[in-house]
Structures are given as C-alpha cells and as structure tokens.
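> Requesting a structural model of the entry that follows:
(one chain, ligands or ions: 2)
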Amino acid sequence: MTKVLVTGGAGYIGSHACKALKAAGFTPVTYDNLSTGWEAAVKFGPFEKGDLLDRARLDEVFARHDPIAVVHFAALSQVGESMALPGKYWRNNVAGSQTLFEAMLDAGCRQIVFSSTCATYGEQDNVVLHEQSPQMPINAYGRSKRAIEDMLMDFGASDGLQSVIFRYFNVAGADPEAEVGEFHRPETHLVPLILEAIDGQRNALTVFGSDYDTPDGTCIRDYVHVMDLVEAHILGLTWLAEGKGSAVFNLGTGSGFSVREVMQAAEQVTGRTVPFVDGPRRAGDCTKLVSGSERATRDLHWRPERSTLAQMIADAWRWHQTGGYGDNPDDG
Ligand SMILES: NC(=O)c1ccc[n+]([C@@H]2O[C@H](COP(=O)([O-])OP(=O)(O)OC[C@H]3O[C@@H](n4cnc5c(N)ncnc54)[C@H](O)[C@@H]3O)[C@@H](O)[C@H]2O)c1
Ligand SMILES: O=c1ccn([C@@H]2O[C@H](COP(=O)(O)OP(=O)(O)O[C@H]3O[C@H](CO)[C@H](O)[C@H](O)[C@H]3O)[C@@H](O)[C@H]2O)c(=O)[nH]1
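Ligands and ions are numbered 1, 2, ... in the order given. Prediction:
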C-alpha cells in the first residue's frame, strides 16, 4: 500500500488523520518524538519514534519507507508558552520543519500537506478571514507557522516542493468510534476543559475575558470537527497527486461561536452544568477568528458534515468518558 509519512501522528489531529488515511487506502507511517503525543494513539500504521531536528533519523525513515508524500502536523502549539519561550517555538517548529523539508528533498519526496493556523492572521476584528487576508500574527506560535509557510514557498520555487497549506481554525471533537481523541497534558483547549469541569476533574472552567467587544463579551472562534478536518487532508493529497500544484486553504465552517455559547452547547449535550469563573483575558488571544472557507469548498470539494457544536461536543464527550490514554506522557 502507498505510504504517507505523518509527522505528529501520535498527536490529536495526526492520530485522526492516520485513521482517515488508512480508511482511504494509504499506510500512514507516524514520525513523532512523543513530546506532546502518545504512543497509544498510533493505531493505524507503523510508528517511527524520532525528532524533526534529527536529520540522520529522518534520512533513515525516508530510506526505509519511501513515502509518496508527507503530512506535517508535528509542532508545538500553545500560544501562551510560545510568548514565554519563543526560542523553543522557532527551534522546534521552524528549524524542525526546515530539517524535514531538506530531508524530503534529498529523498526525492516532493509533496507535502502542512498544518498552518488561523493564528497567522492575527487580530483583524469583524472581518471574515480569507486566504488572501494579510497575515499579521500576534504571538510567537503564529509567527513560527507563518515562517514555515514562507519557507514552503521558497523551497517550492527552488526545488519544486509542492505544498498544500491548510490554515485550521479551532479543531474540536473526536473520532465518533472513540478509538482516538484529544488528550493533552496539560490541556489548554476549550472543549476538553469544559468537559473536565463538567466531570469534576477540575473545579471550574476559567473564562478568559468577558469584556471583549462581542455580544456576550467572550471571544468568538470558528470550530471545526477533527474528522471533517482530516478528510480535507486526503483531498489535499489527491490534489497534489493530480499535479494541481501548491495551494493554500482555510479550514473552518464560517460560523463563529462565543465561549459562553460553547459552554451552553456542552450543557445541552451532557445534561450537566458547567462550573465556571470569569477570569482575566489570556495574553495572545484575538477577539474573533472566523473563516472564509469557500476556496476549500469550491476547489477541493470539501464538505464539513460533522462540524456542529452539538456533534463536536457529543463526540468529544464520548471520547472523554473512555479516560483517554492515561497520565504518563513519554517526554521523548
Ligand atoms: N488543535 C488545533 O485547534 C489546531 C489549530 C490550528 C493548527 N493546529 C496545528 O495542527 C498540528 C497538530 O496539532 P494537535 O492539536 O494535534 O497537536 P498535538 O500536540 O496533539 O500533536 C503534535 C504532535 O507533534 C509531535 N511533535 C512535536 N514536536 C515534534 C518534533 N520536534 N519532532 C517530532 N514530533 C514532534 C508531538 O509529540 C505530538 O504528537 C500542529 O501543527 C498545530 O500547530 C492545531
Ligand atoms: O480555559 C480556557 C481555555 C480557552 N478559553 C477560550 O476559548 C477560546 C478557544 O481557546 P483554545 O485555547 O481552545 O484555542 P485558541 O483559540 O487559542 O486557538 C489557537 O491555538 C490553537 C492551537 O493550540 C490553534 O493553533 C488555533 O489556530 C489558535 O488560534 C478562546 O477564546 C479562549 O480564550 C477560555 O475561555 N478558557
């Protein structure tokens, strides 16, 4: 079967992508250092433990598996941490991606699907963000992702590296069969934190700011179901295989929901109350990030079908109740 190298395949989105790749007839080969991922999440193909910055290990893995393409999820992605430790983000994400791209080119692998983020757009309030909107990130994480996008353009021009760049909005939900799901230690994302608060695993959710210029004062985000999101990656690989060339796509639904609306949806799905306290704003947060995703719909024929708040929370809740992967992350 055709192999695809999945960096970050032991992480949240990468593990769901491996499931979708297997279902689509590929063999997903996970390359991951387990810094924030879980070996137990690697269920759908071989596992090669390794770091993006380890060129010799990458060369060995490319030689062993000869993948037709790379799907590149591996990155550090906590906005707050990126502001405190920017060097860690530039080294891991930017230097790590450069090492990967050079290893790919030397191995003759010239097609890549890359996980970028709406955080590259920065603070542009009350506009729907399109692919051609200016990229003005307001945190080191977003700047590291913008730099990787630029690098892909440069390697495209110099060496023919073909890339599909996906700018994800807020990814939520889990595999409806609960084989894999979102499990971070520490957890920073809104939906799993709400479920932990509902379940008594934390005292309360802290709402980061209730004085934003939005109808209920809390931040607005565009949430997309992880299963819909990973389906786009299969379409992205097909796009590249058909020789359609490098392209950039937003992946979101075009609908924004406030933190309080997400909490209310979780109360409806679970039938339980969300304990919460109103706290201060979190550094690096934008007021509102909503996607214009017409390009992915028109050109890739991407149809997000599970991305309602109710469905995302129901699938996340089912996964939450399995207990996840345990509490002992391998720090690589
Ligand atoms: N979750 C979201 O809402 C969201 C939104 C936009 C973009 N993204 C991007 O999607 C990608 C996946 O995000 P996620 O939520 O699944 O994160 P995650 O932390 O669950 O997964 C990332 C994986 O990459 C691995 N990794 C990190 N650095 C590595 C390195 N140097 N070498 C090898 N492996 C390494 C980690 O161990 C982990 O398994 C990231 O690039 C992230 O920036 C995520
Ligand atoms: O305890 C919490 C956690 C989050 N929030 C709020 O919930 C919303 C969503 O926060 P997340 O941390 O779940 O996600 P972000 O919006 O910070 O997402 C950012 O980080 C992600 C990676 O972690 C992606 O890269 C994404 O593109 C980027 O915008 C934000 O308004 C945030 O302020 C709270 O109120 N309390």
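> Residue 320: how many residues sit nearby?
Per other CB atoms under 10 Å, the neighbour tally for residue 320 reads 24. The C-beta positions use only the backbone N, C-alpha and C, and glycine is treated the same way.
> out of everything not next to it in sequence, what's closest to it?
In space, residue 320 comes closest to residue 195 once its chain neighbours are excluded; the distance is 4.6 Å by CB to CB, 6 or more residues apart in numbering.
> ok, and does the helix or strand hosting the one you found reach over to ligand 2?
Residue 195 belongs to helix 190-198 when assigned by DSSP states H and E. Yes - part of helix 190-198 sits close enough to ligand 2 to count as contact by CB under 6 Å from any ligand atom, namely 190, 193.
> any idea of the mean pLDDT in that helix?
Averaged across helix 190-198, pLDDT comes to 98.
> moving C-terminal of that helix, what's the next helix or strand?
Counting by DSSP H and E, the next helix or strand C-terminal to helix 190-198 is strand 205-208.
> Spell out which residues sit in contact with the residue in the chain that ligand 2 sits nearest to, please.
Nearest residue of the chain to ligand 2: residue 219, at 3.0 Å (CB to the nearest ligand atom). Residues in contact with residue 219 (CB atoms under 8 Å, 6 or more residues apart in numbering) are 208-209, 212, 258-259, 285-288.
> Can you pull the phi/psi pair for it?
phi -60, psi 150 (degrees, to the nearest 10).
> Give me the neighbour count for residue 14.
Neighbours of residue 14 under the rule other CB under 10 Å: 27.
> so it touches residue 8, yeah?
Yes - assessed by CB atoms under 8 Å, residue 14 is found in contact with residue 8 at 4.1 Å.
> which residues do the two both contact?
When CB under 8 Å, 6+ apart defines a contact, the residues bordering residue 14 and residue 8 alike are 32, 37, 73-74.
> taking those one by one, which sit in strands?
Those of these mapping onto strands are residue 32, per DSSP state E.
> which of the shared contacts of residue 14 and residue 8 lies closest to ligand 1?
residue 37 (2.1 Å).
> Chain neighbours aside, what residue packs nearest to the closest one?
Excluding its sequence neighbours, the residue lying closest to residue 37 (CB to CB, 6+ apart) is residue 10, at 3.1 Å.
> what do you get for residue 280?
Closest residue in space to residue 280, ignoring its immediate chain neighbours: residue 209 at 6.5 Å, by CB to CB, 6+ apart.
> contacting residues for the one you found?
Residues counted as contacts of residue 209 (CB under 8 Å, 6+ apart) are 217-219, 279-282, 285.
> Would you mind putting the residues you listed into CSV with secondary structure alongside?
Listed next are these as CSV, based on DSSP: H, G, I helix; E, B strand; the rest coil:
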residue, secondary structure
217, coil
218, coil
219, coil
279, strand
280, coil
281, coil
282, coil
285, coil
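> Need those in JSON lines (columns: pLDDT and distance to residue 241).
Output for the contacts of residue 209, formatted as JSON lines (pLDDT from 0 to 100; distance: CB to CB, whole Å):
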{"residue": "217", "pLDDT": "98", "distance to residue 241": "47"}
{"residue": "218", "pLDDT": "98", "distance to residue 241": "42"}
{"residue": "219", "pLDDT": "95", "distance to residue 241": "38"}
{"residue": "279", "pLDDT": "98", "distance to residue 241": "47"}
{"residue": "280", "pLDDT": "97", "distance to residue 241": "48"}
{"residue": "281", "pLDDT": "94", "distance to residue 241": "44"}
{"residue": "282", "pLDDT": "88", "distance to residue 241": "40"}
{"residue": "285", "pLDDT": "84", "distance to residue 241": "38"}
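> any chance you could map the strands in the stretch 101-250 of the chain?
Secondary structure of the stretch 101-250 of the chain by DSSP state E, counting those that start in this stretch: the strands cover 111-117, 162-168, 170-172, 205-208, 220-221, 223-225, 247-251.
> Present those strands as TSV; the columns should include mean neighbour count.
Listed next are the strands of the stretch 101-250 of the chain as TSV, based on neighbours: other CB atoms under 10 Å:
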stretch	mean neighbour count
strand 111-117	25
strand 162-168	24
strand 170-172	23
strand 205-208	19
strand 220-221	22
strand 223-225	25
strand 247-251	23
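> Quick one: name the residues of this protein near ligand 2.
Neighbours of ligand 2 within the chain, by CB under 6 Å from any ligand atom: 77-79, 117-119, 168, 170, 188-190, 193, 205-208, 219, 221, 259, 282, 285, 289.
> Out of the shared contacts of residue 14 and residue 8, flag the one nearest to residue 199.
residue 37 (23.0 Å; CB to CB).
> low-confidence ranges in this protein?
Applying pLDDT under 70 to the chain flags residues 125-126, 327-332.
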